[in-house]
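Colleague: just to be clear, the model below is a prediction. Sequence and coordinates:
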Amino acid sequence: MAKNKAFLFLLLFSALWAHGQAPERVREAQGEGKVVFYANITGVEPLMEAFQNKYRVRAEYVRVSTDKFIPAVLTEHRARKLQADVLQAPLPVMEILKKEGVLGRYVSPQSFGYPRWTRDPEGFYQIFAIEYMAILYNTRLVKPEEAPTTYKDLADPKWRGRIVMPDPTSHPTTIAWLVGLRENGVFKSDEEWTAWLQGLAANNPMFVASLGPTPDVLARGERAVGISMPKYLVTKAPAPLMWVNTPEGLFGSPRAIAIAQNPPRPNAARLFVDYWLSREGQKALAEQVGEYTLLQGTYPPIPGINKATVRPVRDLSDEELTRWSQVFARIFKR
Amino acid sequence: MRAAVPLLLLVVGLLTLGPAASLLLGSFSEGLGTWGPFTWRKYAEVYLDPELPRVALNTLAFVLGASSLATGLGGVLAFLAVRTDLPGKGLVLFLPWLPMMIPHVLFAAAWIMLLNPTNGLLNLYLQELLGLEQGPLNIYSLGGMILLEALLDLPIAFAMLFPVFLALDPALEEAGRVAGGRPHQVLLRVLLPLLRPALLAAFFLATIRTLGAFAIPQVVGIPAGIPVLTTYIYRIISTGWNPDYGKASALGVVGLALAMVLAYLYRWATQKGERFATVTGKGYRPRVLPLGPWRWPLALLVFGLLFAMVLLPLATVAYISFLPYVVRPGPEAWEVLTLANWKWAVQDPVVARALGNTAFVAVVGASLGVGLSLLVAYVTHRRRTPATALLDLLTFLAFAWPGLIVGVGFMLFFVQTPLYATLWALVLAFVGTYLPYGVRPMNTALLQLHRDLEDAARTAGATFLATLRRVLLPLLAPATVSAWALLASQFARELGVAAVLARPGSEVLAVQLLAYAHDGLWGRVAVLGLLLVLLSTLLLAGLLHLAVRRRSPQAPPPQV
């Protein structure tokens, strides 16, 4: 209860602060000169540029790949040389950074536009999007009526040798997604789920290191169907790709944004988070990068995506990820 | 010179010991960077994994296959380019460098487009030509991995071997022939023994590089279902959000152990240095071997090979640079052809800055690296003491780690210094990591120079520096060119270190390129890759121009 009260107070305070002193903050941010943003997200350069043009504060994007994100941030943090003002990463990464004391508390006034569950109860981060995964297919190789309609269809022998997916023995997002399908009721029992995985394995899918390469394999016709992301319909346009709105819904890992604990440029940091979470920022993210934002009423320009239910999967701890990776290695015989 | 050894130990130690020690400590302690309590756990976990034997076998085949093929191919090409009357020799001197300049992920992507079993262009062509049911070749195989990695390592072997051929005294071969040796006997009993240090050194570098290579194992090996050491390490660091680089380092130690064995072998094989000295006070001139009736068939073979292996993938990359997404040539491609990627590259300020930074690290890094390598190679060659053996060991302390983890080692080290997040951190880390690319060519070249040359200069009253400038450097010019070119093109496309250390202001092209490759924006990747190739070609051309211009006024009159 006390926590809740504190949270409400924080929210109210930041809302007042933001509304009352916005021009002041912009001036101070301009005095700070720039904002440094650490993330691993595709094509956000237009967003950085728009921020720069709007506030005359330089926005520097440092892209750190996921496998180096925590080592790099923690190394800098421990040496008191963290250059980031703002950080953005998958939720499990944010949770680790929060525990390590890297993040600072900030509840943006823009948080109001987001569902309640997206706010960190302690006010450290804000979830703003879901890395939504779906079945994609090459429209030149597969007619819409022949395409899979449910996840279960991927185990159909007719797709033997025609599927591409990220390596489920090492790619954390895919591991969490496969486990998420079971935990979110797509499969009614562990047996059904395991049988499906075995069917998928029997179709001998081609593995690639992560989600990034999947749309290319599809676009160049090397495989016809894939476990991939609808956002590639935006970033790869006009590639012959289409997504499948499975009746069970789409699933993915939540992404969150936060400011650093004692950021080098505190005003610029807050200003940037506010802009990122604003409708203008999220619209740009949806339209240019195809992200599935959680700001209500904003959708990426993907046909039919506004009719999809997109749900977050549970965070898996590193121990769980390792354990499932071994299970999948056995099932997929890799 | 005696004072130089401790100084060099200090400099090289600073460059290589920091990251290696960070990684080693991490492998023995709980947590990385915080130096937790001592533990054997990480070693036990990785070395007792029942999957490791299969990975080790794959790795062995991959590493031995690729490094032998690269060394053999590099040797043959260097020999043909330097010592024979092959038509178009100039091109044979240049083309083998190209794979060194192309970013490896892009090289792999181009080959997948050409040779994937489903719809690879070459496969479809061969299928039609031979009337087969399916494409005859499959890039997703151990053979495919070995071939691609060998091509990528080929420039290393070529760079190591061509200066050696330039400095081989033909008198020795003639002696062999006069003694009644048939050509293949001369090759086996005169040439090969003389080449032993260079071949060993080339094999050494190629082996360590292949062991630590990640691009081909990732892009080709994962779809092929053939895990090797680096993809196995990748699985350790990518499964989970808080990767244990200490555990990865426990496996990476294999590279260090292998490098030590190979360095010991090299030292042992070159113990009696004078035996390899072919350049004495007598004067020599590499003789051109007439190929006779073999001239044109060989030229056809060599150029066919270079076309298929070097130019075809490069042409594929150029083609991809005009596409919004990767699509096979045909009506579909024709419809979507675009200049957008090139326009983006011209307009994006980060690309311009990254290009400038890349040129800077390549030129400054390679120059520093060559200077340091020359001193190290000279000292370790002339003085065989425990101290110089240690110096030799220090040179590959950072090089021996897989690129995937060495960057983290440098990060842990540099974050303690004011250089962190600057371009100089990149330059120093590059020099520290790739020192063997400079030291090894210099070392083999020095082995060929007879001590008499220096002694003569010293007797005539020249100081050490004057001897270096007037006698050694001119004779070492080809090796210097080799080392500089190897280092510069490596630095231009280096990823392992740069991906961790580059920050706003110190961006380099390769890191930008990797980010776009992750996003699958291959059009942009191709443009950046071509910019890199262009930059490296310009640097190499400038270097050759400089070398030729400096040498020509003093060039000795042609011997008749």
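Modeller: That came through fine. Residues are numbered from 1 along each chain as shown, chains lettered A, B, ... in the order given.

Colleague: off-centre distance for the helix or strand where residue B:447 lies?
Modeller: Following DSSP states H and E, the helix or strand that holds residue B:447 is helix B:423-448. Remark: helix B:423-448 is offset 11 Å from the chain centroid, using C-alpha atoms, centre = their mean, to the nearest Å.

Colleague: what do you get for stretch B:526-541?
Modeller: Centroid separation for stretch B:526-541 versus its chain: 16 Å, with C-alpha atoms, centre = their mean.

Colleague: what's the distance between the residue of the stretch 101-250 of chain B at minimum distance from chain A and residue A:88?
Modeller: Closest approach of the stretch 101-250 of chain B to chain A (C-beta to the nearest C-beta) occurs at residue B:240, with a separation of 3.5 Å. Placement of C-beta: from N, CA and C, glycine included. Distance, residue B:240 to residue A:88, using C-beta to C-beta, to the nearest Å: 19 Å.

Colleague: ok, residue B:135 next?
Modeller: Residue B:135 is 43 Å from residue A:88, by C-beta to C-beta.

Colleague: give the contact list for the closest residue to residue A:234 other than its chain neighbours.
Modeller: Nearest residue to residue A:234, sequence neighbours excluded (C-beta to C-beta, 6 or more residues apart in numbering or on different chains): residue A:290, at 3.1 Å. By C-beta atoms under 8 Å, 6 or more residues apart in numbering or on different chains, residue A:290 lies in contact with A:229-235, A:300-302.

Colleague: show me the two of those residues that sit farthest apart.
Modeller: Of all pairs drawn from these, the greatest distance, 14.6 Å, lies between A:229 and A:301 (C-beta to C-beta).

Colleague: what helix or strand is residue A:80 located in?
Modeller: Short version, using DSSP H and E: residue A:80 is in no helix or strand.

Colleague: how many other residues sit next to the residue nearest to the residue of the stretch 101-250 of chain B closest to chain A when sequence neighbours are not counted?
Modeller: Closest residue in space to residue B:240, ignoring its immediate chain neighbours: residue A:318 at 3.5 Å, by C-beta to C-beta, 6+ apart. Applying other C-beta atoms under 10 Å in any protein chain shown, we find 16 residues neighbouring residue A:318.

Colleague: can you give me the pLDDT of residue A:318?
Modeller: In this prediction, residue A:318 carries a pLDDT score of 88.

Colleague: kindly report the same for residue B:162.
Modeller: For residue B:162, the pLDDT comes out at 85.

Colleague: ok, it - contacts?
Modeller: The contact partners of residue B:162, taken as C-beta under 8 Å, 6+ apart, are B:78, B:81-82, B:93, B:478, B:482.

Colleague: most neighbours, which of those?
Modeller: Ranking the contacts of residue B:162 using other C-beta under 10 Å puts residue B:482 first, with 30 neighbours.

Colleague: I figured it hits residue B:161, correct?
Modeller: No: in this structure residue B:482 lies outside contact range of residue B:161 using C-beta atoms under 8 Å: 9.1 Å.

Colleague: if we can go back for a sec, isn't the residue nearest to residue B:240 right up against residue B:242?
Modeller: Yes: contact criterion C-beta under 8 Å: residue A:318 and residue B:242 qualify, at 5.8 Å.

Colleague: can you tell me the number of residues neighbouring residue B:4?
Modeller: 15.

Colleague: Three-state assignment for the closest residue to it other than its chain neighbours, please.
Modeller: Nearest residue to residue B:4, sequence neighbours excluded (C-beta to C-beta, 6+ apart): residue B:379, at 5.9 Å. Here residue B:379 is recorded as helix under DSSP: H, G, I helix; E, B strand; the rest coil.

Colleague: contacting residues for residue B:379?
Modeller: For residue B:379, the contact set (C-beta under 8 Å, 6+ apart) comprises B:1, B:4-5, B:8, B:388, B:391.

Colleague: and residue A:25, what pLDDT?
Modeller: At residue A:25, pLDDT is 85.

Colleague: from chain B, how far off is it?
Modeller: 23 Å (C-beta to the nearest C-beta, to the nearest Å).

Colleague: that residue sits in which helix or strand?
Modeller: Per DSSP H and E: helix A:2-32 holds residue A:25.

Colleague: and the nearest residue to residue A:149 once chain neighbours are set aside, its phi and psi?
Modeller: Of all residues not flanking residue A:149 in the chain, residue A:244 sits nearest, at 6.5 Å (C-beta to C-beta, 6+ apart). Note on residue A:244: its backbone torsions stand at phi -110, psi 120 [degrees, to the nearest 10].

Colleague: swap in residue B:88?
Modeller: Per-residue torsions, residue B:88: phi 70, psi 30 (degrees, to the nearest 10).

Colleague: can you give the domain ranges for chain A?
Modeller: A:2-130+A:253-306, A:131-251+A:308-331 (automatic domain parsing).

Colleague: so which of those domains comes closest to residue B:98?
Modeller: Across the domains of chain A, residue B:98 has its closest neighbour in domain A:131-251+A:308-331 (23.7 Å, C-beta to C-beta).

Colleague: can you pull the residues of the stretch 151-300 of chain A lying near chain B?
Modeller: Residues of the stretch 151-300 of chain A found near chain B (C-beta under 8 Å from any C-beta of the partner chain) are A:167, A:169-172, A:175, A:206-210, A:212-216, A:219-223, A:232, A:235-240.

Colleague: which residues of the chain score low on pLDDT?
Modeller: Here I'm looking at chain A. A:1-22 (pLDDT under 70).

Colleague: um, chain B though
Modeller: Counting by pLDDT under 70, chain B contains low-confidence residues at B:1-2, B:31-35, B:273-274, B:281-286, B:548-560.

Colleague: okay, now residue B:298: neighbour count?
Modeller: By other C-beta under 10 Å, the residues close to residue B:298 number 16.

Colleague: that one reaches residue B:291, doesn't it?
Modeller: Yes: between residue B:298 and residue B:291 there is a contact under C-beta under 8 Å: 5.9 Å.

Colleague: and the residue nearest the centre of chain B, what does it touch?
Modeller: By C-alpha atoms, centre = their mean, the mean C-alpha position of chain B lies nearest to residue B:156, the distance being 4.4 Å. For residue B:156, the contact set (C-beta under 8 Å, 6+ apart) comprises B:70, B:74, B:100, B:202, B:205-206, B:209, B:437, B:486.

Colleague: could you count how many residues lie near residue A:30?
Modeller: By other C-beta under 10 Å, 16 other residues sit near residue A:30.
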